[in-house]
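1. how would this look folded up:
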Amino acid sequence: MTTPSLTAARDDLRASVEAHRDVLLDLSHAIHADPELGGDEFRAAERVREALREAGFAFDGAQPEQPTAFAATAGTGDFVVAVCVEYDALPEIGHGCGHNVNAASAVGAALALAPLADELDITVLVLGTPAEESWGGKIDLIDAGFFDGAAIAMMAHASGEDNVGASSLALGCWDMTFHGRGAHAAAAPTEGVNALDAIVIAQTATALARQQLPNDIVMSSIVVDGGTAPNVIPARATARVELRAPRKEQLDALWDRVRRCYEAGALATGCSLTIEPVGHAFADLRQDAGLSRAYADALVGIGRRIEVDGPAVGSTDMGNVSHIVPSIHPMIGFEVAGAVHHTAEFAAACATAEADAAILDAAYGMAAAAAAVASAPDERARLLARAGR
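-> Numbering: from 1, shown residues only. Predicted structure coming up:
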């Protein structure tokens, strides 16, 4: 295998990102101006496909079932670099999580790596991953085998600060529906079985359980269906429960505790209970240390100051990817004037000159990190062993 020196590779990657500047920034601005919700990102996905086609990526392999997901490749090496492109927006506020930045930076990394694929002996696998904000499209792609054999996986996320190596919270969401028996609340209350009472009992039980639970877990719930009229005992009531914990194992234990609280509500009232997951459960993010160091080193080399590691915040389906493929999911920082994710103010910051610069830097950082581990014999061997190669 012939590999360029890392310094030469970095120079080539930086030049390649710069050569694709207009394509990447036009892509970001077009996605930002035309937000689409998870599962409906048809125009965004096609814009990304077109940028990849123009660069010579092939789409002749197996394709995901989801119409807004895709798989494209360049190169034929045994070291497969999976680049995740997400492009879904949020209801009403558009790209308040900056997925236009995420998408363009991921495409930029792929476009930069493709010309070096033969020299680095890599395959660049670009995966369009819909619905991160809702059900978690990456998990569907995991289940369908699209990450099988990948040596590394990567994407960057829009942020107000630079960070790599931090974790995220494991997340699960469920609809808890109680089924009772309706009755007139005044004329025949003894004939009813009140499904809303079951929710009150369950929520009280979870509130009392909070004292014995770790401080770093999050329990949230709302009543999405509590009946139709005050003079009718509700025959059906639904609570949506969302749980977060630092690790997947803690989430599983928390869910067992909360589920029993809702079962108690059913038992106390005589209702039956049905439980339906809302989307996929998200695992905690576990970023690969070697890949994180390579990314941080590349960005420090172009003048960025980057924090390595940090507290777990938010939740992402990239966490599930990181449990099966060594991964990075760095935060790429730019000026957001104090705005936080999932707000209209953050959305506005994601179409600025500062956001544009962050796209180019993140694209370079990810491409340079991939080149570094692919060309370092020990790192390459470690990561290929993880991939079963």
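
2. Quick one: neighbours of the closest residue to residue 289 other than its chain neighbours, just the number.
-> Once flanking residues are discounted, residue 289 sits nearest to residue 165: 7.1 Å by Cβ to Cβ, 6 or more residues apart in numbering. To be clear about C-beta, it is placed using only N, CA and C from the backbone, and glycine gets the same treatment. Using other Cβ atoms under 10 Å, residue 165 is surrounded by 22 other residues.

3. quick one: contacts for residue 165?
-> 287, 289, 292, 296, 308-310, 328, 330 (Cβ atoms under 8 Å, 6 or more residues apart in numbering).

4. Quick one: buried ones out of those?
-> For these, a neighbour count by 16 or more other Cβ atoms under 10 Å gives the buried set as 287, 292, 296, 308, 328, 330.

5. Next, find the distance separating the fourth one from residue 191.
-> Distance of residue 308 to residue 191, computed by Cβ to Cβ, to the nearest Å: 64 Å.

6. now the second one
-> Counting by Cβ to Cβ, the gap between residue 292 and residue 191 amounts to 62 Å.

7. Now do the same contact list for the closest residue to residue 128 other than its chain neighbours.
-> Distances taken as Cβ to Cβ, 6+ apart put residue 70 closest to residue 128, at 4.1 Å, once the chain neighbours are dropped. By Cβ under 8 Å, 6+ apart, the contact list for residue 70 reads 45, 48-49, 59, 63-64, 126-128.

8. Among the contacts of residue 165, name the ones in helices.
-> 289, 292, 296 (DSSP state H).

9. Looking at the residues you listed, which one is closest to residue 378?
-> Among the ones in helices among the contacts of residue 165, residue 289 lies closest to residue 378 (Cβ to Cβ), at 13.3 Å.

10. what helices or strands is the strand or helix carrying residue 43 leaning on?
-> In the assignment (DSSP states H and E), residue 43 maps to helix 42-54. Helices and strands touching helix 42-54, by 3 or more Cβ pairs under 8 Å, 6 or more residues apart in numbering; DSSP states H and E, are helix 21-33, strand 70-74, helix 99-113, strand 122-128.

11. Can you report how many residues neighbour residue 192?
-> Residue 192: 18 neighbours (other Cβ under 10 Å).

12. I'd like to know how far it sits from residue 243.
-> Counting by Cβ to Cβ, the gap from residue 192 to residue 243 is 31 Å.

13. and if you look at residue 328?
-> From residue 328 across to residue 243, the span is 26 Å (Cβ to Cβ).

14. Enumerate every residue touching residue 280.
-> 135-136, 139-140, 317, 320.

15. so of these, which ones are in helices?
-> Per DSSP H, helices hold the following members of those: 139-140, 320.

16. What is the nearest of these to residue 81?
-> Nearest to residue 81 out of these is residue 320 (Cβ to Cβ; 18.3 Å).

17. Domain ranges for the chain, per the record?
-> As assigned by automatic domain parsing, the chain contains the domains 6-168+283-386, 170-277.

18. okay, the helices and strands packed on helix 42-54 in JSON lines with mean pLDDT next?
-> Listed next are the helices and strands packed on helix 42-54 as JSON lines, based on pLDDT from 0 to 100:
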{"stretch": "helix 21-33", "mean pLDDT": "98"}
{"stretch": "strand 70-74", "mean pLDDT": "98"}
{"stretch": "helix 99-113", "mean pLDDT": "98"}
{"stretch": "strand 122-128", "mean pLDDT": "98"}
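
19. Residue 39: which of the ones you listed is closest?
-> Going by Cβ to Cβ, the one of these nearest residue 39 is strand 122-128, 12.1 Å.

20. buried sites along stretch 239-247?
-> Quick answer for stretch 239-247 (16+ other Cβ under 10 Å): 239-241, 243-247.

21. and of those, the nearest to residue 151?
-> Checking the buried residues of stretch 239-247 against residue 151 by Cβ to Cβ gives residue 247 as the nearest, at 24.5 Å.

22. Now tell me which helix or strand of this protein has the poorest mean pLDDT.
-> Taking mean pLDDT, DSSP states H and E as the measure, the helix or strand of the chain with the lowest value is strand 307-308, at a mean of 91.

23. Provide the strand pairings for that strand, with the direction of each partner.
-> Strands adjacent to strand 307-308 in the sheet, as given by DSSP bridges, are strand 163-164 (parallel).

24. for whichever helix or strand comes after the strand it pairs with, the distance to its chain's centre please.
-> Under the assignment DSSP H and E, the closest C-terminal helix or strand after strand 163-164 is strand 170-179. The chain centre lies 20 Å from the centre of strand 170-179; the measure is Cα atoms, centre = their mean, to the nearest Å.
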